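[1] Got a sequence here, can you model it:
(chains A and B)
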Amino acid sequence: DQQVKQNSPSLSVQEGRISILNCDYTNSMFDYFLWYKKYPAEGPTFLISISSIKDKNEDGRFTVFLNKSAKHLSLHIVPSQPGDSAVYFCAASAANTNAGKSTFGDGTTLTVKP
Amino acid sequence: DTGVSQDPRHKITKRGQNVTFRCDPISEHNRLYWYRQTLGQGPEFLTYFQNEAQLEKSRLLSDRFSAERPKGSFSTLEIQRTEQGDSAMYLCASSFELPGYGYTFGSGTRLTVV
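    Residues are numbered from 1 along each chain as shown, chains lettered A, B, ... in the order given. The predicted structure is shown next:
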(Lines give C-alpha, C1' and ligand atoms only; values in the text may rest on other atoms or scores of the structure.)
Protein backbone atom coordinates (compact mmCIF):
# COMPACT_ATOMS: atom_id res chain seq x y z
CA ASP A 1 0.00 0.00 0.00
CA GLN A 2 1.84 3.03 -1.29
CA GLN A 3 0.67 6.03 0.71
CA VAL A 4 2.49 8.64 -1.40
CA LYS A 5 2.31 8.35 -5.15
CA GLN A 6 3.99 10.23 -7.95
CA ASN A 7 2.26 8.93 -11.04
CA SER A 8 4.50 10.57 -13.61
CA PRO A 9 7.92 8.91 -13.74
CA SER A 10 9.29 11.64 -15.98
CA LEU A 11 8.63 15.17 -17.21
CA SER A 12 10.37 17.18 -19.89
CA VAL A 13 10.01 20.95 -20.24
CA GLN A 14 11.69 23.75 -22.12
CA GLU A 15 13.94 26.18 -20.32
CA GLY A 16 12.01 29.22 -19.11
CA ARG A 17 8.67 27.43 -19.01
CA ILE A 18 6.80 26.15 -15.97
CA SER A 19 7.42 22.69 -14.54
CA ILE A 20 4.55 21.11 -12.62
CA LEU A 21 5.24 17.98 -10.59
CA ASN A 22 2.34 16.18 -9.00
CA CYS A 23 1.90 14.00 -5.94
CA ASP A 24 -1.07 12.18 -4.41
CA TYR A 25 -1.42 10.72 -0.94
CA THR A 26 -3.88 8.45 0.78
CA ASN A 27 -3.23 8.85 4.51
CA SER A 28 -5.37 11.64 5.96
CA MET A 29 -3.12 11.74 9.04
CA PHE A 30 -0.32 13.36 7.05
CA ASP A 31 0.06 16.97 8.14
CA TYR A 32 3.33 18.04 6.54
CA PHE A 33 4.40 17.62 2.94
CA LEU A 34 7.89 18.09 1.61
CA TRP A 35 9.69 18.13 -1.71
CA TYR A 36 13.25 16.99 -2.25
CA LYS A 37 15.52 17.18 -5.27
CA LYS A 38 18.12 14.54 -6.04
CA TYR A 39 21.08 14.68 -8.40
CA PRO A 40 22.90 11.46 -9.42
CA ALA A 41 25.38 10.13 -6.85
CA GLU A 42 24.08 12.52 -4.18
CA GLY A 43 21.53 12.23 -1.41
CA PRO A 44 18.20 14.07 -1.74
CA THR A 45 18.21 17.78 -0.90
CA PHE A 46 15.28 19.41 0.87
CA LEU A 47 13.52 22.03 -1.27
CA ILE A 48 10.30 23.23 0.28
CA SER A 49 7.56 22.09 2.63
CA ILE A 50 3.97 22.91 3.42
CA SER A 51 1.79 22.38 6.46
CA SER A 52 -1.68 20.93 6.03
CA ILE A 53 -3.19 24.13 7.40
CA LYS A 54 -1.97 26.02 4.35
CA ASP A 55 -2.77 25.66 0.69
CA LYS A 56 0.27 27.39 -0.76
CA ASN A 57 3.89 28.00 0.13
CA GLU A 58 6.36 29.89 -2.02
CA ASP A 59 10.14 30.09 -1.98
CA GLY A 60 11.71 31.88 -4.90
CA ARG A 61 11.04 29.96 -8.10
CA PHE A 62 9.42 27.09 -6.19
CA THR A 63 5.78 27.02 -5.09
CA VAL A 64 3.98 24.10 -3.52
CA PHE A 65 0.19 23.88 -3.67
CA LEU A 66 -1.86 21.62 -1.42
CA ASN A 67 -5.43 20.45 -2.07
CA LYS A 68 -6.43 18.56 1.07
CA SER A 69 -9.85 17.55 -0.16
CA ALA A 70 -8.29 15.88 -3.19
CA LYS A 71 -5.26 14.64 -1.22
CA HIS A 72 -3.09 16.15 -3.90
CA LEU A 73 -0.10 18.45 -3.96
CA SER A 74 2.00 19.91 -6.69
CA LEU A 75 5.35 21.63 -7.04
CA HIS A 76 5.62 24.47 -9.55
CA ILE A 77 9.00 25.65 -10.79
CA VAL A 78 8.95 28.95 -12.65
CA PRO A 79 10.97 29.63 -14.70
CA SER A 80 12.55 26.23 -15.20
CA GLN A 81 16.32 26.13 -15.66
CA PRO A 82 18.58 23.35 -16.97
CA GLY A 83 20.11 23.06 -13.50
CA ASP A 84 16.68 21.99 -12.22
CA SER A 85 17.06 18.70 -14.09
CA ALA A 86 16.97 16.08 -11.34
CA VAL A 87 14.72 13.54 -9.66
CA TYR A 88 12.07 15.16 -7.46
CA PHE A 89 10.61 13.28 -4.51
CA CYS A 90 7.42 14.12 -2.71
CA ALA A 91 7.30 13.14 0.98
CA ALA A 92 4.71 13.29 3.72
CA SER A 93 4.82 13.03 7.48
CA ALA A 94 2.38 12.84 10.35
CA ALA A 95 4.02 14.78 13.16
CA ASN A 96 1.70 13.62 15.91
CA THR A 97 1.85 9.92 15.13
CA ASN A 98 5.15 9.20 13.44
CA ALA A 99 7.30 11.87 15.03
CA GLY A 100 8.66 13.27 11.83
CA LYS A 101 9.20 10.06 9.92
CA SER A 102 8.61 10.78 6.24
CA THR A 103 7.05 8.53 3.62
CA PHE A 104 8.40 9.13 0.12
CA GLY A 105 6.99 8.73 -3.36
CA ASP A 106 9.00 7.04 -6.10
CA GLY A 107 10.07 10.27 -7.72
CA THR A 108 9.64 12.15 -10.99
CA THR A 109 12.64 12.75 -13.24
CA LEU A 110 12.54 16.31 -14.54
CA THR A 111 14.50 17.22 -17.65
CA VAL A 112 14.75 20.89 -18.54
CA LYS A 113 15.91 21.37 -22.12
CA PRO A 114 17.94 24.46 -23.05
CA ASP B 1 29.69 21.62 10.13
CA THR B 2 30.02 20.01 6.71
CA GLY B 3 26.68 18.23 6.60
CA VAL B 4 25.88 14.55 6.94
CA SER B 5 28.76 12.20 6.22
CA GLN B 6 28.44 8.53 5.34
CA ASP B 7 31.20 5.98 5.12
CA PRO B 8 31.97 4.05 3.01
CA ARG B 9 30.51 5.43 -0.22
CA HIS B 10 30.58 2.03 -1.85
CA LYS B 11 30.74 -1.48 -0.47
CA ILE B 12 30.92 -4.74 -2.38
CA THR B 13 30.53 -7.85 -0.29
CA LYS B 14 29.98 -11.54 -0.77
CA ARG B 15 26.67 -13.06 0.19
CA GLY B 16 26.69 -14.18 3.80
CA GLN B 17 29.21 -11.61 4.99
CA ASN B 18 28.46 -8.90 7.56
CA VAL B 19 28.76 -5.22 6.72
CA THR B 20 28.66 -2.06 8.81
CA PHE B 21 27.99 1.48 7.65
CA ARG B 22 28.65 4.68 9.54
CA CYS B 23 26.79 7.98 9.56
CA ASP B 24 27.93 11.25 11.11
CA PRO B 25 24.96 13.63 11.31
CA ILE B 26 24.88 17.38 11.70
CA SER B 27 25.88 17.82 15.31
CA GLU B 28 23.01 20.15 16.23
CA HIS B 29 20.38 17.73 14.92
CA ASN B 30 18.88 15.38 17.50
CA ARG B 31 17.08 13.11 15.04
CA LEU B 32 18.83 10.60 12.82
CA TYR B 33 17.15 8.43 10.18
CA TRP B 34 18.19 5.49 8.05
CA TYR B 35 16.50 4.90 4.72
CA ARG B 36 17.10 2.42 1.93
CA GLN B 37 16.63 3.20 -1.75
CA THR B 38 16.56 0.86 -4.70
CA LEU B 39 16.58 1.82 -8.37
CA GLY B 40 13.44 3.57 -9.51
CA GLN B 41 11.97 3.84 -6.04
CA GLY B 42 11.88 6.45 -3.34
CA PRO B 43 13.69 6.20 -0.02
CA GLU B 44 12.16 3.57 2.23
CA PHE B 45 12.19 4.10 6.00
CA LEU B 46 14.30 1.70 8.05
CA THR B 47 14.71 3.21 11.51
CA TYR B 48 15.21 6.42 13.41
CA PHE B 49 16.80 7.76 16.57
CA GLN B 50 16.05 10.69 18.78
CA ASN B 51 19.34 11.37 20.51
CA GLU B 52 20.57 7.89 21.49
CA ALA B 53 17.14 6.25 21.68
CA GLN B 54 15.97 4.11 18.77
CA LEU B 55 12.29 5.06 18.63
CA GLU B 56 11.01 3.16 15.63
CA LYS B 57 12.07 0.32 13.41
CA SER B 58 10.38 -0.61 10.17
CA ARG B 59 8.50 -3.91 10.01
CA LEU B 60 10.39 -4.48 6.78
CA LEU B 61 13.66 -4.59 8.68
CA SER B 62 14.59 -8.17 9.40
CA ASP B 63 16.51 -9.34 12.44
CA ARG B 64 19.66 -9.28 10.34
CA PHE B 65 19.62 -5.48 10.49
CA SER B 66 20.66 -3.55 13.58
CA ALA B 67 21.39 0.10 14.17
CA GLU B 68 22.99 1.98 17.01
CA ARG B 69 23.61 5.54 17.95
CA PRO B 70 25.85 5.54 21.01
CA LYS B 71 25.90 8.80 22.95
CA GLY B 72 23.52 10.36 20.46
CA SER B 73 26.29 11.21 18.02
CA PHE B 74 27.27 9.06 15.04
CA SER B 75 25.24 6.01 14.06
CA THR B 76 26.06 2.61 12.62
CA LEU B 77 23.90 0.28 10.57
CA GLU B 78 24.95 -3.35 10.50
CA ILE B 79 23.63 -6.02 8.16
CA GLN B 80 24.46 -9.59 9.11
CA ARG B 81 24.55 -12.51 6.67
CA THR B 82 23.97 -10.28 3.69
CA GLU B 83 21.69 -11.43 0.87
CA GLN B 84 21.53 -10.26 -2.73
CA GLY B 85 18.25 -8.53 -1.96
CA ASP B 86 20.11 -6.24 0.43
CA SER B 87 21.82 -4.56 -2.52
CA ALA B 88 20.67 -0.93 -2.40
CA MET B 89 21.66 2.60 -1.52
CA TYR B 90 21.57 3.17 2.24
CA LEU B 91 20.84 6.77 3.11
CA CYS B 92 21.32 8.49 6.43
CA ALA B 93 19.62 11.77 7.28
CA SER B 94 19.44 14.07 10.26
CA SER B 95 16.97 16.70 11.34
CA PHE B 96 15.81 18.93 14.14
CA GLU B 97 12.84 17.83 16.19
CA LEU B 98 10.45 20.20 14.43
CA PRO B 99 7.30 19.22 12.55
CA GLY B 100 7.81 19.56 8.83
CA TYR B 101 11.53 20.25 9.14
CA GLY B 102 13.29 18.81 6.12
CA TYR B 103 15.97 16.19 6.40
CA THR B 104 19.60 16.73 5.53
CA PHE B 105 20.71 13.59 3.74
CA GLY B 106 24.17 12.18 3.34
CA SER B 107 25.39 10.97 -0.03
CA GLY B 108 24.61 7.39 0.88
CA THR B 109 26.42 4.06 0.93
CA ARG B 110 25.93 1.90 -2.16
CA LEU B 111 25.92 -1.77 -1.15
CA THR B 112 26.37 -4.51 -3.72
CA VAL B 113 26.04 -8.10 -2.57
CA VAL B 114 27.55 -10.61 -5.00
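
[2] distance of the residue sitting nearest the centre point of chain B from chain A?
    For chain B, the residue nearest the mean C-alpha position is residue B:34 (3.2 Å; Cα atoms, centre = their mean). Going from residue B:34 to chain A by Cβ to the nearest Cβ, to the nearest Å gives 11 Å. Where C-beta positions appear, they are placed from N, C-alpha and C, glycine not excepted.

[3] which SS class is that residue?
    strand (DSSP: H, G, I helix; E, B strand; the rest coil).

[4] for it, what are its contacts?
    Each residue near residue B:34 by Cβ atoms under 8 Å, 6 or more residues apart in numbering or on different chains is listed here: B:23, B:46-48, B:67, B:75, B:77, B:90-92.

[5] quick one: which of these is most hemmed in?
    In terms of neighbours by other Cβ atoms under 10 Å in any protein chain shown, those top out with residue B:92 at 29 neighbours.

[6] That residue bridge partners, please.
    residue B:34 (DSSP bridges).

[7] which residues of chain A fall in strands?
    Assigned by DSSP state E, the strands in chain A fall at A:4-5, A:10-14, A:19-25, A:32-38, A:45-51, A:56-59, A:62-67, A:72-77, A:86-93, A:102-104, A:108-113.

[8] Bridged to residue A:62, which residues?
    residue A:59, residue A:77.

[9] rewinding a little: mind putting the strands of chain A into CSV with mean pLDDT and distance to residue B:16?
    Output for these, formatted as CSV (pLDDT from 0 to 100; distance: least, Cβ to Cβ, whole Å):
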stretch, mean pLDDT, distance to residue B:16
strand A:4-5, 97, 35
strand A:10-14, 98, 38
strand A:19-25, 98, 39
strand A:32-38, 97, 32
strand A:45-51, 96, 36
strand A:56-59, 97, 48
strand A:62-67, 98, 45
strand A:72-77, 98, 43
strand A:86-93, 97, 33
strand A:102-104, 94, 30
strand A:108-113, 98, 35
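
[10] Pull out the buried positions in stretch B:106-113.
    B:106-111, B:113 (16 or more other Cβ atoms under 10 Å in any protein chain shown).
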